[in-house]
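Visitor: Quick one: sequence plus predicted model below, questions after.
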Amino acid sequence: MSGNVDVDTLLALINSSATAAVAEWQKKGQDVPPLSAPETHPIDTATDVVALKKALRVLEGACEHLTTLLSPNGQTIYQRSYNMDTHMLRVTVERKVPDILAKYPEGLHVTELSEMIDIPEVKLGQIMRANAMRHIFLEVDTNVFANSRLSHSMRSDLPNGFGAIASRGLCETQRAGALLSESLADPEYGPSFEASQSAFMYYARKQQGFQGKAVFEWLQANPERRENFAIAMVGMGYSLGGLTVLHAFPWQNYTSVCDIGAGVGTVALHLARKFPNLKITLQDREEVVGHAIDHWAKAYPEAVSEKRVDFVPIDFLVGTPIEGCELYYLRFILHDWPDSDAQLILNNVRKTMGPNSRLLLHDYVVQHLDRKSGLGESSTYGVEPAPEPLLPTFGAGRARAHYMDISMQLQFNAKERSLGEVLALASSAGFKFEKYWDLAETSMVEFSPA
Ligand SMILES: C[S@@+](CC[C@H](N)C(=O)[O-])C[C@H]1O[C@@H](n2cnc3c(N)ncnc32)[C@H](O)[C@@H]1O
């Protein structure tokens, strides 16, 4: 069997998907800025990005497939094993280099930067160049660095939350990831599916001496990281296309929604702005509800004074959400919990729902990589399969689904679920499947009471 034939097909996919992506950038009113331009673009914080995400999942999948196909195996294996991207990025994100370089649009010599952030000049030069090679920072002159389009977008003064996403990924998730193999070999942690015995908790206990039970307690004990987590959730909405749900789902047909585990209202704030007739209730842990009240007082005081939004604390593992809402919406909640706890949460929602209420579960839906299972889901539930020769799930075009899946394992001993797993879980809590919403990157599954 020859792989040569795949080259032409992959090139055609790259061509058509890149053309479609450019059109989506232009629809937002401007051309694509070069990677060297330290500019933001409206597409960074656009919410209606299903068409862009659909083009990108083909483009990313096809580019990775083609380079892997045409590279000798040893080259790819070296590339995957020696990839230092996250370590290099962490050094610069922790030391707020994007904020520093924002003050030097013409660039800053590595000698001065090294004095400011206390890293020896030679080492820092290596680190900055390794980042610049991936378009994070620019070497504008020999040993002189400036912000690129990517590093500019991580500035802490921008409202996009991208710097916080990077910080959460690099400082918490990657540290746990670095100890995954050790935690899996540990006789206590390895076989456990308890949130208190995740790889992150292994890291927090062994390296930080933390005595608490699980991640949300760790965040509570680390206020700066908790604050970063809240901002990262805002950034997740933009970067993972989670806000496409604002456009895809007919919210205008409903009058009330309870956002369970809402955080400070990363989705609810947008819902309140776009659908003024929707009565919104935010529910989360008591201290998070306190932050949400402060956040809305600054971000959208009119919604509060017009009583379009309520804030009600809950521990969703033990208590039921408020009664009488038409919609119960859970975004990025069930993936934090192992099946036994996810079941408790769903049972509690089911108890409170009226006969005409709907449950909306919004997460990544992961798929097996064999074409048989992909085709089964596509014919039964409308999950779009990738064109051949791409892996049926779009391969690297869905990398973030796998990153999120592993990130949930690392932090909570939990996971992203396949559609079959979501349906089984919901069915055993007394729900009936209504509709699968393909949001191109994340997915939403709608249920009614059975
Ligand atoms: C991953 S965040 C998702 C936040 C928000 N839904 C979003 O999509 O941006 C998970 C949320 O669950 C909340 N949470 C965790 N444990 C909880 C509990 N026992 N009861 C209620 N909320 C909880 C956290 O405080 C956090 O806001």
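Guide: That came through, no problem.

Visitor: got the residues of the stretch 251-400 of the chain near the ligand?
Guide: 261-263, 266-267, 284-285, 288, 314-317, 331-333, 336 (C-beta under 6 Å from any ligand atom). Every C-beta, even on glycine, is put in place using the N, C-alpha and C of the backbone.

Visitor: among those, which ones are buried?
Guide: Among these, the ones that count as buried by 16 or more other C-beta atoms under 10 Å are 261-263, 266-267, 284-285, 288, 314, 316, 331-333, 336.

Visitor: Which of the residues of the stretch 251-400 of the chain next to the ligand fall within strands?
Guide: The members of those that map onto strands under DSSP state E are 284, 331.

Visitor: one step back: TSV please, covering the buried ones among the residues of the stretch 251-400 of the chain next to the ligand and showing pLDDT.
Guide: Formatted as TSV, those follow (pLDDT from 0 to 100):
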residue	pLDDT
261	97
262	96
263	92
266	89
267	94
284	97
285	94
288	92
314	98
316	97
331	96
332	94
333	96
336	93
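
Visitor: Please identify the buried residues of the lowest-mean-pLDDT helix or strand in the chain?
Guide: Ranked by mean pLDDT, DSSP states H and E, the helix or strand of the chain with the weakest confidence is helix 371-381, at a mean of 75. For helix 371-381, the neighbour count (16+ other C-beta under 10 Å) marks 373, 374, 376, 377, 378, 381 as buried.

Visitor: With stretch 125-134 instead?
Guide: Counting neighbours by 16+ other C-beta under 10 Å, stretch 125-134 gives 125, 127, 128, 130, 131, 132 as buried.

Visitor: Please tell me how far that stretch is from the chain's geometric centre.
Guide: 25 Å (C-alpha atoms, centre = their mean, to the nearest Å).

Visitor: ditto for stretch 266-285
Guide: 20 Å.

Visitor: Buried residues of that stretch, list them for me.
Guide: For stretch 266-285, by 16+ other C-beta under 10 Å, it's 266-272, 275, 278-285.

Visitor: Pull the contacting residues for residue 24.
Guide: For residue 24, the contacting residues are 43, 49, 51, 52, 55, by C-beta atoms under 8 Å, 6 or more residues apart in numbering.

Visitor: if you set the cut-off to 6 Å instead, what comes out?
Guide: Neighbour list for residue 24: 51, 52 [criterion: C-beta atoms under 6 Å, 6 or more residues apart in numbering].

Visitor: How about residue 47, nearest residue that isn't a chain neighbour?
Guide: residue 243 (3.8 Å; C-beta to C-beta, 6 or more residues apart in numbering).

Visitor: Can you give me the neighbour number for the one you found?
Guide: Neighbours of residue 243 under the rule other C-beta atoms under 10 Å: 24.

Visitor: Quick check: it vs the ligand, distance?
Guide: 10 Å (C-beta to the nearest ligand atom, to the nearest Å).

Visitor: Equivalent analysis for residue 183, please.
Guide: 21 Å.

Visitor: what's the helix or strand for that residue?
Guide: Secondary structure from DSSP states H and E places residue 183 in helix 180-185.

Visitor: Return that helix as CSV; C-alpha atoms alone will do.
Guide: Extracted in CSV, the C-alpha atoms of helix 180-185 (Å, rounded to 0.1, in the frame of the first residue of the first chain):
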residue,chain,number,x,y,z
LEU,A,180,1.8,11.3,35.8
SER,A,181,4.0,8.2,35.2
GLU,A,182,5.2,8.3,38.9
SER,A,183,1.7,8.7,40.2
LEU,A,184,0.4,5.8,38.1
ALA,A,185,3.2,3.6,39.5
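
Visitor: Quick one: distance of that helix to the chain centre.
Guide: For helix 180-185, the distance to the chain centre is 24 Å (C-alpha atoms, centre = their mean).

Visitor: Next: stretch 339-356.
Guide: Worked out by C-alpha atoms, centre = their mean, stretch 339-356 lies 24 Å from the chain centre.

Visitor: any residues touching it, and which ones?
Guide: Contacts of stretch 339-356 (C-beta under 6 Å, 6+ apart): 316, 317, 320, 321, 323, 328, 334, 425, 429, 430, 449.

Visitor: With stretch 51-58 instead?
Guide: Outside stretch 51-58, the residues touching it (C-beta under 6 Å, 6+ apart) are 13, 17, 20, 21, 24, 241, 394, 397, 440, 441.

Visitor: cool, and stretch 175-184?
Guide: 189, 190, 199, 200, 202, 203, 410.

Visitor: same question, stretch 322-330
Guide: Stretch 322-330 is contacted from outside by 254, 256-260, 281, 312, 349, 352, 357-361, using C-beta under 6 Å, 6+ apart.

Visitor: and the two most separated of the residues you listed?
Guide: 312 and 361 (20.2 Å; C-beta to C-beta).

Visitor: who has more neighbours, these two?
Guide: residue 361 (25 against 15).

Visitor: does the more buried one count as helix, strand or coil?
Guide: strand (DSSP: H, G, I helix; E, B strand; the rest coil).

Visitor: ok, and the closest non-adjacent residue to it?
Guide: residue 445 (4.9 Å).

Visitor: How about residue 31?
Guide: Using C-beta to C-beta, 6+ apart, the closest residue to residue 31 is residue 25 (6.9 Å).

Visitor: Would you agree the one you found is in contact with residue 32?
Guide: Yes - if you go by C-beta atoms under 6 Å, residue 25 and residue 32 touch, sitting 4.7 Å apart.

Visitor: still on that earlier bit, what residues sit buried inside the strand or helix carrying the residue nearest to residue 31?
Guide: Element membership of residue 25, judged by DSSP H and E, is helix 4-27. Across helix 4-27, burial judged by 16+ other C-beta under 10 Å covers 6, 9, 10, 13, 14, 17, 18, 20, 21, 24, 25.

Visitor: Restricting to C-alpha, output it in PDB.
Guide: C-alpha atoms of helix 4-27 as PDB (Å, rounded to 0.1, in the frame of the first residue of the first chain):
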ATOM      1  CA  ASN A   4       1.900   8.600  -1.900                       C
ATOM      2  CA  VAL A   5      -1.700   8.800  -2.900                       C
ATOM      3  CA  ASP A   6      -2.600  10.400   0.500                       C
ATOM      4  CA  VAL A   7      -0.300  13.300  -0.100                       C
ATOM      5  CA  ASP A   8      -2.400  14.800  -2.900                       C
ATOM      6  CA  THR A   9      -5.600  14.300  -0.900                       C
ATOM      7  CA  LEU A  10      -4.100  15.900   2.200                       C
ATOM      8  CA  LEU A  11      -2.800  18.900   0.100                       C
ATOM      9  CA  ALA A  12      -6.200  19.400  -1.300                       C
ATOM     10  CA  LEU A  13      -7.800  19.300   2.200                       C
ATOM     11  CA  ILE A  14      -5.200  21.800   3.400                       C
ATOM     12  CA  ASN A  15      -5.900  24.100   0.500                       C
ATOM     13  CA  SER A  16      -9.700  24.100   0.900                       C
ATOM     14  CA  SER A  17      -9.700  24.300   4.700                       C
ATOM     15  CA  ALA A  18      -7.100  27.200   4.700                       C
ATOM     16  CA  THR A  19      -9.200  29.100   2.200                       C
ATOM     17  CA  ALA A  20     -12.300  28.600   4.300                       C
ATOM     18  CA  ALA A  21     -10.400  29.800   7.400                       C
ATOM     19  CA  VAL A  22      -9.200  33.000   5.700                       C
ATOM     20  CA  ALA A  23     -12.800  33.700   4.700                       C
ATOM     21  CA  GLU A  24     -13.900  33.400   8.300                       C
ATOM     22  CA  TRP A  25     -11.200  35.900   9.400                       C
ATOM     23  CA  GLN A  26     -12.300  38.300   6.800                       C
ATOM     24  CA  LYS A  27     -16.000  38.000   7.700                       C
END
